[in-house]
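[1] predicted model, plus sequence, below.
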Amino acid sequence: MRFIRYISVSTNSNVLRRPSFDFKSIVQLQDEYINSCSRRIVNEQTLRNASSILNRYNDFVKLDVQLRNLKNERSKLNSQVKNLGPNQYLLEELGLLKVRIKNLSSHYNETQESLYQMAESLPNLIHPSVSGKEEIVATINCSLNDIEELSTRKPDPTFDHKSILEDLNLANFQTASRVSGTSFYYMLNDGALLEQALIQYALKFARQNGYEMVIPPSVVKNEVTNACGFKPRDQNNEQQVYELANSNQCLNGTAEIPLAALSIDAEFSAQDLPKRQCAIARSFRAEAGAHGKDTKGLYRVHEFSKVELFQWTENDVNTSSKVLKDILNLQIGFFTGLGLKCKVMNMPSSDLGSPAYQKFDIECFMPGRGKFGELSSTSNCLDYQARRLNIKYRNSTTNKLQFVHTLNGTMCAVPRTIVAIIENFYDPLSNTIEIPAPLRSFMDDKERISV
């Protein structure tokens, strides 16, 4: 088979180049892409794309050969006309060739665009260690036996974070609902201070581990959001991001998006990598409280502060997999310092978004909710985002340009971490909340939050 490795469709926007997909790799790994689609439970159209992309690619290769042959014939006839002078037969043949080339080019372009759309829809491949169910790979501030025991507990209203926040005048949900709608909130007094303390502690923790700080914009263009693997609506057509009316822009669902986009069209040297950055930003989620889940309090809200980690690495799966573990260990260290009891999980294929090759989640037990809740995650996206954002580096061995690998991780999703702190460190006898030791210097050296 004749392979055309890269197809770069000529239509670029004023923001992004269209991705240069490695079609040779895609068709050779077709079975793995079909498997990835099946295990992620993608929509039927994406699965059909994975199943039919080889046939579409073969059609494209045949058309490419035919078009090249016709253009070669045209060049030969043009040379003959140039050497022999005007000739009725040659001119008629050129006219016929022109029509054939025009018709074939139209078919070629349609097939090329169809092939591109198929490739663009495919999710990433999946790491071999990822299974069909969550796998606990570590615990934080507790044992596996503790995790099992905690999993049997029922919700305890005494430790409900919403009631505690309202009782201690740390948050106002009722007025926020009137002002902004459901799933919004005001943080007040030491509640607001606790939010800022978590942000400052998370940023300090990241900076001490080699991350440069960024404050990104909260508004990005839709095509940038799409390039990072975030779609305006999910498979059930449920709105995921807030799109701005009469524009091609949306509010950030996560600082991962503007962080990744900070290096659009960048060309790193190998010595620049790995590159580490952290951002503090407001995040906006349109789906908060979807289907009536977690609609009360801070656990699932429309707007929140989040400290995000991001890294760019060389195009080597062993290298980026090691960096993924480095990010995870940083997150583990952060929550260890806060004294929260958590489990660390290698997430199942059905929980992976399109860009993720592998993802780890950290979940903390929350007594008021009576269950574990996600506090952070970290993902290795290989070159999925880099191809779509055209981010490359020059390989020091081959001196060739390659797409980087990108990785992201949540250092601190503030509202959920507040939920965890309140429900785990509230003392009903004194009606106070113990402040984790690392946060006290950011909270006027207080040890407890009280009325």
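    Structure received.

[2] when you work out contacts or count neighbours from here on, use the C-alpha atoms and nothing else.
    Will do.

[3] give me the longest helix you can find in the chain.
    Longest helix in the chain, counting residues (DSSP state H): helix 44-84.

[4] that one packs against which elements?
    For helix 44-84, the packing partners by 3 or more CA pairs under 8 Å, 6 or more residues apart in numbering; DSSP states H and E come out as helix 23-28, helix 30-40, helix 88-121.

[5] swap the cut-off to 7 Å and go again
    helix 30-40, helix 88-121 (3 or more CA pairs under 7 Å, 6 or more residues apart in numbering; DSSP states H and E).

[6] can you report phi and psi for the residue lying closest to Arg394 once chain neighbours are set aside?
    Spatial nearest neighbour of Arg394, excluding adjacent residues (CA to CA, 6 or more residues apart in numbering): Leu401 at 4.4 Å. Phi and psi for Leu401, reported as degrees, to the nearest 10, are phi -80, psi 140.

[7] any chance you could list what contacts stretch 320-338?
    If you take CA atoms under 7 Å, 6 or more residues apart in numbering as the criterion, stretch 320-338 is touched by 140-141, 313, 378-380, 405, 407, 409, 411, 436, 438.

[8] Cys37 reaches Leu47, doesn't it?
    Yes: Cys37 is within contact range of Leu47, at 5.8 Å (criterion: CA atoms under 7 Å).

[9] between the two, which one's more packed in?
    Cys37 (27 against 21; other CA atoms under 10 Å).

[10] separation between that one and Gly95?
    47 Å (CA to CA, to the nearest Å).

[11] where along the stretch 301-450 of the chain do the helices fall?
    With DSSP state H, counting those that start in this stretch as the criterion, the stretch 301-450 of the chain has helices at 317-338, 384-389, 414-425.

[12] out of those helices, deepest packed?
    Scoring the helices of the stretch 301-450 of the chain by mean neighbour count under mean count of other CA atoms under 10 Å gives helix 384-389 as the most buried, with a mean of 26.

[13] quick one: that one to chain centroid distance?
    Centre-to-centre, helix 384-389 and its host chain are 11 Å apart (CA atoms, centre = their mean, to the nearest Å).

[14] other SSEs contacting it?
    helix 222-227, strand 405-413.

[15] quick one: contacts of that helix?
    Residues outside helix 384-389 that contact it (CA under 7 Å, 6+ apart): 16, 18-20, 124, 227-228, 261, 264-265, 355, 403-406.

[16] quick check: mean pLDDT across it?
    For helix 384-389, mean pLDDT is 97.

[17] wait, which of the helices of the stretch 301-450 of the chain is closest to Glu223?
    helix 384-389 (9.8 Å; CA to CA).

[18] low pLDDT regions in the chain?
    Scanning the chain with the threshold set as pLDDT under 70 gives 1-12, 232-239, 288-294.

[19] what sits against the residue nearest to Arg394?
    Contacts for Leu401 (CA under 7 Å, 6+ apart) come out as 392-395.

[20] would you reformat those residues as JSON lines and include neighbour count?
    Shown next, in JSON lines, are the contacts of Leu401 (neighbours: other CA atoms under 10 Å):
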{"residue": "Lys392", "neighbour count": "27"}
{"residue": "Tyr393", "neighbour count": "24"}
{"residue": "Arg394", "neighbour count": "19"}
{"residue": "Asn395", "neighbour count": "18"}
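
[21] just the ones in strands from the residues you listed, please.
    392-394 (DSSP state E).

[22] which stretches of the stretch 251-400 of the chain form strands?
    Assigned by DSSP state E, counting those that start in this stretch, the strands in the stretch 251-400 of the chain fall at 267-269, 275-284, 303-313, 342-346, 358-366, 371-380, 392-394.

[23] adding distance to Val99, write those out as JSON lines.
    Below are the strands of the stretch 251-400 of the chain laid out as JSON lines (distance: least, CA to CA, whole Å):
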{"stretch": "strand 267-269", "distance to Val99": "42"}
{"stretch": "strand 275-284", "distance to Val99": "52"}
{"stretch": "strand 303-313", "distance to Val99": "48"}
{"stretch": "strand 342-346", "distance to Val99": "57"}
{"stretch": "strand 358-366", "distance to Val99": "50"}
{"stretch": "strand 371-380", "distance to Val99": "49"}
{"stretch": "strand 392-394", "distance to Val99": "40"}
